[in-house]
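A.B. asks: show me the folded form of this:
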Amino acid sequence: MKSRKLAITALLIAINVVLSSIIIIPLGPVKAAPVQHFVNVLSAVIVGPWYGLAQGLRSSILRVLFGTGTAFAFPGSMIGVLLASMLYIYRKHIFMAAVGEVLGTGVIGSLICIPLAYFL
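C.D. replies: Down below sits the predicted model:
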């Protein structure tokens, strides 16, 4: 089961990096990638919180290295996938995973990016 989760996580990372390089919404210093949210919800439901966290971290690293993401991608993606996983585990409904992703990325991740934006 562990190797299956690793393989699925690797596929989700690849899908995320490729599609996030195609679909980007520039918003000032932030490059919003709607595909990141979709992949985060998928990984929260399919592989769980810890593999989802690894997917968010590795996807953000690759997006920054390829120039399709910024440092603001890290807190939003990782907090979003963790909250999505926790709400999915608690309620067992994909809609709750999507709500967790929106709250984690849009609210909590944005608040954590404020000090980061000050230094950048």
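A.B. asks: and the contacts of the worst-scoring helix or strand of the chain on mean pLDDT?
C.D. replies: Here the helix or strand of the chain ranked lowest by mean pLDDT, DSSP states H and E is strand 30-32, holding a mean of 77. Identification of contacts with strand 30-32 by Cβ atoms under 8 Å, 6 or more residues apart in numbering yields 24-26, 68-70, 72-73. Any C-beta I mention is one placed from the backbone N, CA and C, and that applies to glycine too.
A.B. asks: buried ones among those?
C.D. replies: For the contacts of strand 30-32, a neighbour count by 16 or more other Cβ atoms under 10 Å gives the buried set as 24, 68-70, 72-73.
A.B. asks: what's in contact with the longest helix anywhere in the chain?
C.D. replies: For the chain, the helix with the greatest residue count under DSSP state H is helix 2-22. For helix 2-22, contacts defined as Cβ under 8 Å, 6+ apart pick out 33, 35-36, 39, 42-43, 46-48, 51-52, 54-55, 58-59, 62-63, 66, 68-69.
A.B. asks: what residue lies at the spatial centre of the protein?
C.D. replies: In the chain, the residue lying closest to the centroid (Cα atoms, centre = their mean) is residue 77, at 3.0 Å.
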